[in-house]
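**Q** Using only what follows, build the 3D model:
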Amino acid sequence: MATPAPFTLCRIRQNERVYFYALFRDPESGKRINKKSVERLRTRLGIFSDKPISRRDEAIRICQQALEADLIFSRDEKILLKEYLLQFYNWQESEYIRRRNLLSRGSIGKDYAMTRENLIKNHLVQHIKPNLLLSAVTLGIVEDLQFSLVEQGAISHSTINVIMTAVVAALREAQRRGKLSPSVVLELNHLEVTHRARGILTETEIAQFLRYAKEKSERRIYLACLLALVTGMRSGELRALRIDALGGDMITVDQAYADRAGLKMPKGKRIRHVPCPPWLCNELETLAGENPYDGDHRLVFWSKRGGSFVSSHYFSSRFKEELVRSQVLDEQAIEERNISFHSLRHMANTLLRGSIDEHLLRLTIGHSSQRLSDLYTHLSDRALRSVALAQERTILTLLGSSDDGMDRDEEPDKEDVEYNED
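**A** Residues are numbered from 1 along each chain as shown. Presented below is the predicted three-dimensional model:
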């Protein structure tokens, strides 16, 4: 019987590049272990190069050298801290991410992982001593890394907090897996951060802008701004909006789109239903039907370049451009007041607050906690209608007319929400 090969190579295309990975077979169990980056193995062998590995024979040679150097199955493996951190958040290689998502689907998203891997790679690795072992990490070393980032001054305190929180999470997992002594204290103080308040337009400003956008702007950006204002939907949710999510007077928000992760669950990993005026739903259906390209998604806001998803900056940049053209605000005022496309979501929240029950508002906008979502099992028709009525009376009046024909004499109770009595 032929002896199984000690490893198998595979090629993965990512970001217009091909990467080699190797699946090694454990000589004791005969089972294959998680795939390892051949370029990372090259670095661990002490071969430092920015040149990508493009030939199969080169990848095979590096894998053989890694086996000979006992880098793969050494039972007393000496793990470098920088290699551990990079692999911990590597979407392709991380055993931690694979296990978390296997046990709880969608627990860690691709965007989340890749953002932290890139932050560590671009900002932290340069401050880690090349030969520092994971097992040698102390609280003092972690604090020194934090101080180095602050002293360098290249990134904000909030970004440093994200990096160090990611580091501590990885180190705590190392303790749990026996790779770092549990006696090491990992209580790191966060840096003080002053968050810049998200600005919103006044009711007069938004009314003036919507009148301009309706008459002068491209219809898709007008509808996107109006939809974000009426429903509080996020830009990623608008990018992923499909024609079959439109239900006449209701939108089902069940997915979002991000450049790295692609289609995913909305923020909070909860599906929600948001009332939308029938005439606006009809406009959105018409826009979706104008897509001349064939595709599987049937998007409402489709790209003119192929009919697929619009770019991540489309709504934000076009909103600011139209805001300046409308002469409601100039570029300086937009910057000073921190106005962005996301401000429309905040304005929806502000305008609706006080008109409907706070818990119902949070569920509709998508700010609900897990506990709140469990408490309110689903929204009754009257509760959803109360949201629609609040939209008409607080937001749609900014358009200068009411187009949905809702009966103003019928006002559902604010508390008309069905509870889970368990």
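**Q** distance between the strand or helix carrying residue 347 and the chain's centre?
**A** Here residue 347 sits within helix 342-352, counting by DSSP states H and E. With C-alpha atoms, centre = their mean, to the nearest Å as the basis, helix 342-352 stands 20 Å off its chain's centre.
**Q** Mind jotting down where the helices sit in the stretch 251-400 of the chain?
**A** Here the stretch 251-400 of the chain has its helices, by DSSP state H, counting those that start in this stretch, at 278-289, 314-325, 331-336, 342-352, 358-365, 370-375, 381-394.
**Q** do you know which of the ones you listed lies nearest residue 221?
**A** helix 314-325 (4.7 Å; C-beta to C-beta). Bear in mind the C-beta positions are built from the backbone N, C-alpha and C, glycine included.
**Q** burial count for residue 252?
**A** Other residues near residue 252 come to 15 when the count uses other C-beta atoms under 10 Å.
**Q** follow-up on the earlier one: nearest to residue 139 among the helices of the stretch 251-400 of the chain would be which one?
**A** Using C-beta to C-beta, the nearest of these to residue 139 is helix 370-375, at 31.7 Å.
**Q** mind checking which of the helices of the stretch 251-400 of the chain is nearest residue 70?
**A** Nearest to residue 70 among those is helix 370-375; the distance by C-beta to C-beta comes to 45.5 Å.
**Q** Report the buried residues of stretch 26-35.
**A** Residues of stretch 26-35 classed as buried by neighbour count (16 or more other C-beta atoms under 10 Å): residue 35.
**Q** same deal with stretch 318-336?
**A** Result for stretch 318-336 [16+ other C-beta under 10 Å]: buried residues 318-320, 322-323, 326, 328-329, 334.
**Q** again, but for stretch 387-396
**A** 387-396.
**Q** Same check on stretch 298-307?
**A** Across stretch 298-307, burial judged by 16+ other C-beta under 10 Å covers 298-302.
**Q** Lowest-confidence member of the residues you listed, which is it?
**A** Within the buried residues of stretch 298-307, the minimum per-residue pLDDT falls on residue 298 (90).
**Q** What distance do you get for the closest residue to that one other than its chain neighbours to residue 284?
**A** Distances taken as C-beta to C-beta, 6 or more residues apart in numbering place residue 243 nearest to residue 298, at 4.7 Å, with adjacent residues excluded. The gap separating residue 243 from residue 284 is 8 Å, by C-beta to C-beta, to the nearest Å.
**Q** which residues do these two both contact?
**A** Listed contacts common to residue 243 and residue 284 are residue 300; contacts here mean C-beta atoms under 8 Å, 6 or more residues apart in numbering.
**Q** For these two, indicate the residue with more neighbours.
**A** residue 284 (23 against 17).
**Q** pretty sure that one contacts residue 227?
**A** Yes: using C-beta atoms under 8 Å, residue 284 is in contact with residue 227, at 7.1 Å.
**Q** And the helices of the stretch 251-400 of the chain, which one averages the lowest pLDDT?
**A** helix 370-375 (a mean of 43).
**Q** Just the helices from the stretch 1-150 of the chain, written as ranges.
**A** So, for the stretch 1-150 of the chain - with DSSP H, counting those that start in this stretch - the helices run 38-44, 56-68, 81-88, 95-103, 110-119, 139-152.
**Q** Reformat those helices as CSV; add mean neighbour count.
**A** As requested, those are arranged in CSV below (neighbours: other C-beta atoms under 10 Å):
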stretch, mean neighbour count
helix 38-44, 20
helix 56-68, 16
helix 81-88, 22
helix 95-103, 14
helix 110-119, 18
helix 139-152, 15
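**Q** These: which one's closest to residue 250?
**A** helix 110-119 (27.9 Å).
**Q** center of this structure, which residue is that?
**A** residue 111 (5.3 Å; C-alpha atoms, centre = their mean).
**Q** was I right about residue 245 contacting residue 266?
**A** No: assessed by C-beta under 8 Å, residue 245 is found out of contact with residue 266, at 11.3 Å.
**Q** list residues touching both of the two?
**A** Joint contacts of residue 245 and residue 266 (C-beta under 8 Å, 6+ apart) are 253-254.
**Q** sorry, back to before: which elements pack onto the helix holding residue 347?
**A** Applying 3 or more C-beta pairs under 8 Å, 6 or more residues apart in numbering; DSSP states H and E, we find helix 342-352 packed against helix 219-231, helix 358-365, helix 381-394.
**Q** rerun that using 6 Å as the cut-off
**A** helix 219-231 (3 or more C-beta pairs under 6 Å, 6 or more residues apart in numbering; DSSP states H and E).
**Q** Give me the distance between residue 314 and residue 236.
**A** 11 Å.
**Q** Likewise for residue 151?
**A** For residue 151 relative to residue 236 (C-beta to C-beta), the value is 35 Å.
**Q** ditto for residue 279
**A** Separation of residue 279 from residue 236 (C-beta to C-beta): 25 Å.
**Q** Residue 113 too?
**A** 17 Å.
**Q** for residue 16, same thing?
**A** Relative to residue 236, and taking C-beta to C-beta, residue 16 is found at 23 Å.
**Q** Residue 116 is in contact with residue 166, isn't it?
**A** Yes: with contact defined as C-beta atoms under 6 Å, residue 116 counts as touching residue 166 (4.3 Å).
**Q** Any regions of the stretch 151-300 of the chain where pLDDT drops low?
**A** Residue ranges of the stretch 151-300 of the chain with pLDDT under 70: none are present.
**Q** ranges for the strands of it?
**A** Ranges of strands within the stretch 151-300 of the chain are 250-253, 256-258, 262-264, 272-275, based on DSSP state E, counting those that start in this stretch.
**Q** nearest to residue 8, of these?
**A** Each of these has some distance to residue 8 by C-beta to C-beta; the shortest is strand 262-264, at 26.9 Å.
**Q** If you count neighbours, what's buried in that closest one?
**A** By 16+ other C-beta under 10 Å, the buried positions in strand 262-264 come out as residue 264.
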